[in-house]
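**Student:** here's a sequence, model it:
(one chain, ligands or ions: 1)
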Amino acid sequence: MTSNLSPSPAPRLAGHVLVEALIAQGIHTVFGVPGESYLAVLDGFHEHAEKIRFIACRQEGGAAFMAEAQGKLTQRPGICFVTRGPGATNASIGLHTAFQDSTPMILFIGQVASDQRDREAFQELDYRQMFGPGTLGFAKWVGEVHDADRLPEYIARAFHTAMQGRPGPVVIVLPEDMLTKMTAAPVLPRIEPAQAWPTPAALASLRERLMAAKRPLVIVGGGGWTPEACTALQAFAEAWQLPVGCAFRFQDLFDNRHPLYAGDVGIGINPKLAKRVMDADLILAIGPRLGEMTTGGYTLLSAPRPVQQLIHIHAGAEELGRVYTADLMINASMSCAAQALASMPVPVPAPDSVAWAAEARTANADYLANLVHQPVSPLDMAEVVKTLGRLMPEGTVFTNGAGNYSGWLHRFHQYPALQQHGRTQLAPTSGAMGYGVPAAVAASLLAPERWVVNIAGDGDFLMTGQELATATGYGAKRLISVVVDNGTYGTIRMHQEREYPGRVSGSDLFNPDFAALALAYGWAAARVARTEDFEPALQAALALDKPTLIHLRLSSDVSTSRSTLTAISEAARKRLAE
Ligand SMILES: Cc1ncc(C[n+]2csc(CCOP(=O)(O)OP(=O)(O)O)c2C)c(N)n1
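**Tutor:** The predicted structure follows:
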C-alpha cells in the first residue's frame, strides 16, 4: 500500500507533535492563556517559535474571542489554548460565540492526568458533559485524546468538523500525561473541508420558482463564505437583478455600495426593509440559519411555515427544517451554491425586464434614504460613524460587541464585500458583550498592515478591556478603540424604560477615566465631547505609530439612532396608562 505521509518521523513529545500538526494546517498564530496542564505543548511552541507564535492573552474569554475572530477572518479554524477548569470556563463565551456565529474554531484544553480522572482532581471537569453536542450550543464535537499515537486522527477530525457543514467550534481535551508521551505520529497534510453541491433538480426547481416570483428578496448570511463564493453571489444577483439583504452581523458578504443592496436584516432594521421582507413573495435565504435576530423575533418570517415562499440554502443539513419548513431546502456549501446560482441560465429577454426590476431599485433607494440622519448635538454618533467611513482606509476592519451603540455602526457604516477586502465586520451574532476589543486585537496582530477600529460601549469595553495590554505587548499599531461612554448599560436601560418606565435598577455604571486607562496601557488617548472634535482626534490617531483609544462622552439620553430614552419612556408611560 502506498502512503502520502512522510516515512516514519522520529519519536518526539506528543506536545510537539500537536504544534507541528497546527503548522501543517497553515496556523501561524494561536491565542491562549498558559497553564501547567499543557506545558509540553508550550514547549512545542518554543521549539517551533520561528513558524508559529503563541499570543499570551490576559483572560481566557479574550483569548477565545481572539481565536473566534481569527476563524472569521481566515475561514480556517481559529486556535485557542487554555488550561483546565477555570481556564475552560472563562473560555466558554468564545465557544458559544463561535457556535452561534457558525465560525470554525478549535479550543484545546489541558486536562488532568489520566490516572487522576474522575476523582474531581485539581480543576478537573468533564468537557464532554460541559460542552458536548448534547448542550446544543457550545461545540460541534468534543474529543479527548488518550493515545498520543492517535493525535493526527483527532486533529484531522477537529479541522474537518470545524469547517464542514455548518462551521463551528470543536473542543479537543489533552490529558497531561498523554502530552508528555513520546510518539512517532506523522504530520498530516493540510485539510480542506468536504463540499456539498446542490443537485440539478433542486436548481431547476429554484429557477422555476424565481421565474414565477413577483417580489423576491435574497437574504445572505451564515458561515462558510469565501471570496469566490461572494463574487459568485454578486454575479448571480446582478444577472437576475435581485435585491440583496444581509443577515444580522453578516453585512460584509455583499458590497453595501452596490445598487442591488437592500440593507441589513438585523436588530434595528430599517422599517421599510422589514416591510419588504414581509411583503416578499419569495425569500431566497442563502446561508443564514434564520435566527431570532434576522427574523425580527420570528415575526418577519413566521415559524414554522412563513407566509412567504421560502427557499432555504444551508451547508448544515441539520439547520434545514430545524425552525422553518421551507418550500425548497437545499443542502449545499456556500461556494458550491453560489457558483451553481451564478451559472444558472438567466431569463430571456434581458434581466432588466424581470418583474421585480423596479422593486430592486426601490429597495436600494430605501436603504440609501436610511443612511440620512437627523443631526444630534453635542455629539452625533451617526457623524462619528460616517467620519470613520470617510477617513479610514478602504478595507479597515470594524469590530464591536453588544450594546445599543453598535446600532449606529450597523446602520450607517457601509461595509465592502468579502471578496474585496476579506471580512471587515467582526461582530458577534451571539450578542456577546466584550467581543470587540479582543477581536480588534486579533485582527491587528494577524494583519498588521490593515487598520482596525473597535467601537465599544462603556459597559462592553470593560468586560475585556485588559486585552489592551496584549495589543501593546505584541506591538499592535494600526488599531483604534472608540469607547462610547453614556454612563449606563444603555440597552438594558432602554428595555427598562419600555417595560418599567422610570424604575432604574442595576443599569447605572461607574466608569474610570478611559483615556487615563489607555495611557496606562501604553496607548495614546483622546477625549471627545463634541462632534467637531472627533475628526481631529481620528486624524491624530491615523498619524500615530501606536494604538489610540478615543473616549466619547455621550448623554445617557441618546439611546438609539432612532429614539431617545425620554421619548421611549414617555411612549411606555402612555401605553401603560391606556
Ligand atoms: C456578556 C454579556 N452580558 C450581558 C449582556 C446583556 N446586555 C446586552 S447589551 C447590555 C448593555 C451594554 O451596555 P454598553 O456596552 O454600555 O452599551 P450601550 O447599550 O449603553 O450602548 C447588556 C448588559 C450581554 N449581551 N452579554
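**Student:** need the residues of this structure near the ligand, please.
**Tutor:** Residues of the chain lying near the ligand by C-beta under 6 Å from any ligand atom: 402-405, 431-434, 457-460, 484, 486, 488-492. C-beta coordinates here come from the backbone N, C-alpha and C atoms, glycine included.
**Student:** let's see that with 5 Å instead.
**Tutor:** For the chain, the contact set with the ligand under C-beta under 5 Å from any ligand atom comprises 402-405, 431, 433, 457-460, 489-492.
**Student:** what sits against residue 322?
**Tutor:** By C-beta atoms under 8 Å, 6 or more residues apart in numbering, the contact set of residue 322 is residue 289.
**Student:** return the distance of it relative to the ligand.
**Tutor:** 23 Å (C-beta to the nearest ligand atom, to the nearest Å).
**Student:** that residue belongs to a helix?
**Tutor:** No. Assignment of residue 322 by DSSP: H, G, I helix; E, B strand; the rest coil gives coil, placing it outside any helix.
**Student:** check the gap between it and residue 299 for me.
**Tutor:** Residue 322 sits at a distance of 18 Å from residue 299 (criterion: C-beta to C-beta, to the nearest Å).
**Student:** do the same with residue 377
**Tutor:** As judged by C-beta to C-beta, residue 377 and residue 299 stand 35 Å apart.
**Student:** how about low-confidence regions in the stretch 451-578 of the chain?
**Tutor:** Across the stretch 451-578 of the chain, not a single residue meets the criterion (pLDDT under 70).
**Student:** quick one: the helices in it, in order.
**Tutor:** 458-464, 468-473, 490-499, 514-520, 531-542, 565-577 (DSSP state H, counting those that start in this stretch).
**Student:** between those helices, which one is nearest to residue 99?
**Tutor:** Nearest to residue 99, of all the helices of the stretch 451-578 of the chain, is helix 458-464, at 18.7 Å by C-beta to C-beta.
**Student:** tell me which strands and helices that closest one is in contact with?
**Tutor:** helix 60-74, helix 436-446, strand 479-485 (3 or more C-beta pairs under 8 Å, 6 or more residues apart in numbering; DSSP states H and E).
**Student:** how about the strands in the stretch 151-300 of the chain?
**Tutor:** Counting by DSSP state E, counting those that start in this stretch, the stretch 151-300 of the chain has strands at residues 169-175, 182-183, 216-220, 244-247, 261-265, 282-286.
**Student:** export those as JSON lines, with columns for mean neighbour count, mean pLDDT and distance to residue 228.
**Tutor:** Converted to JSON lines, these look like this (neighbours: other C-beta atoms under 10 Å; pLDDT from 0 to 100; distance: least, C-beta to C-beta, whole Å):
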{"stretch": "strand 169-175", "mean neighbour count": "26", "mean pLDDT": "98", "distance to residue 228": "24"}
{"stretch": "strand 182-183", "mean neighbour count": "16", "mean pLDDT": "98", "distance to residue 228": "38"}
{"stretch": "strand 216-220", "mean neighbour count": "26", "mean pLDDT": "98", "distance to residue 228": "15"}
{"stretch": "strand 244-247", "mean neighbour count": "27", "mean pLDDT": "98", "distance to residue 228": "17"}
{"stretch": "strand 261-265", "mean neighbour count": "27", "mean pLDDT": "98", "distance to residue 228": "20"}
{"stretch": "strand 282-286", "mean neighbour count": "26", "mean pLDDT": "98", "distance to residue 228": "14"}
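**Student:** so where's this structure shaky on pLDDT?
**Tutor:** 1-7, 348-352.
**Student:** between the biggest helix by length in it and strand 169-175, how big is the angle?
**Tutor:** Taking DSSP state H as the criterion, the chain has its longest helix at helix 85-101. Helix 85-101 and strand 169-175 are oriented at 160 degrees to each other (axes from the mean of the first three to the mean of the last three C-alpha atoms, to 10 degrees).
**Student:** return the set of buried residues in helix 85-101.
**Tutor:** 85, 87-88, 90-101 (16 or more other C-beta atoms under 10 Å).
**Student:** one more: stretch 141-155?
**Tutor:** Buried residues in stretch 141-155, counted by 16+ other C-beta under 10 Å: 141-145, 148, 151-152, 154-155.
**Student:** ok, stretch 124-138 next?
**Tutor:** 124-125, 127-128, 130-132, 138.
**Student:** can you lay out the helices and strands packed on helix 458-464 as TSV showing mean neighbour count?
**Tutor:** Listed next are the helices and strands packed on helix 458-464 as TSV, based on neighbours: other C-beta atoms under 10 Å:
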stretch	mean neighbour count
helix 60-74	30
helix 436-446	30
strand 479-485	27
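**Student:** let me have those in JSON lines, adding distance to residue 9 as columns.
**Tutor:** Below are those laid out as JSON lines (distance: least, C-beta to C-beta, whole Å):
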{"stretch": "helix 60-74", "distance to residue 9": "27"}
{"stretch": "helix 436-446", "distance to residue 9": "29"}
{"stretch": "strand 479-485", "distance to residue 9": "40"}
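**Student:** and of these, who's closest to residue 327?
**Tutor:** Per C-beta to C-beta, nearest to residue 327 of these: helix 60-74, 31.0 Å.
**Student:** packing partners of that closest one?
**Tutor:** When contacts are defined as 3+ C-beta pairs under 8 Å, 6+ apart, helix 60-74 packs onto strand 29-32, strand 78-82, helix 85-101, strand 105-111, strand 425-426, helix 436-446, helix 458-464.
**Student:** try it again with 6 Å
**Tutor:** strand 29-32, strand 78-82, helix 85-101, strand 105-111, helix 436-446 (3 or more C-beta pairs under 6 Å, 6 or more residues apart in numbering; DSSP states H and E).
**Student:** quick check: angle from the third one to helix 60-74?
**Tutor:** Meaning helix 85-101. Orientation check (the same axes, to 10 degrees): helix 85-101 against helix 60-74 gives 30 degrees.
**Student:** heads up, I number from 41, so please use that
**Tutor:** Got it, first residue is 41 now, which makes that one helix 125-141.
**Student:** now do the contacts for the residue nearest to residue 105 when sequence neighbours are not counted.
**Tutor:** Nearest non-adjacent residue to residue 105, counting by C-beta to C-beta, 6 or more residues apart in numbering: residue 478, 3.9 Å away. Contact analysis of residue 478 by C-beta atoms under 6 Å, 6 or more residues apart in numbering lists 102, 105-106, 504, 507.
**Student:** and the residues you listed, which is closest to the ligand?
**Tutor:** Comparing those against the ligand with C-beta to the nearest ligand atom places residue 504 closest, at 9.5 Å.
**Student:** show me the contacts for that closest one.
**Tutor:** Contacts of residue 504 (C-beta under 6 Å, 6+ apart): 102, 474, 477-478.
**Student:** need the residues that contact the longest helix of the chain.
**Tutor:** 73, 75, 100-101, 104-105, 108, 122, 145, 147, 149, 163, 165, 177-179, 208-209, 468-470, 472.
**Student:** related to what we said a few turns ago, and among the helices of the stretch 491-618 of the chain, the most buried is which?
**Tutor:** Highest mean neighbour count among those (mean count of other C-beta atoms under 10 Å): helix 498-504, with a mean of 26.
**Student:** farthest-apart pair in the buried residues of helix 125-141, please.
**Tutor:** Spanning the widest gap among the buried residues of helix 125-141 are 125 and 141, at 25.3 Å by C-beta to C-beta.
**Student:** for residue 184, see how far away the residue of the stretch 41-190 of the chain found nearest the ligand is.
**Tutor:** Nearest residue of the stretch 41-190 of the chain to the ligand (C-beta to the nearest ligand atom) works out as residue 133 at 6.5 Å. As judged by C-beta to C-beta, residue 133 and residue 184 stand 22 Å apart.
**Student:** got it, and residue 556?
**Tutor:** 46 Å.
**Student:** again, but for residue 210
**Tutor:** Per C-beta to C-beta, residue 210 is found 12 Å from residue 184.
**Student:** for residue 410, which non-adjacent residue is closest in space?
**Tutor:** Excluding the flanking residues, the one nearest residue 410 by C-beta to C-beta, 6+ apart is residue 310, at 4.3 Å.
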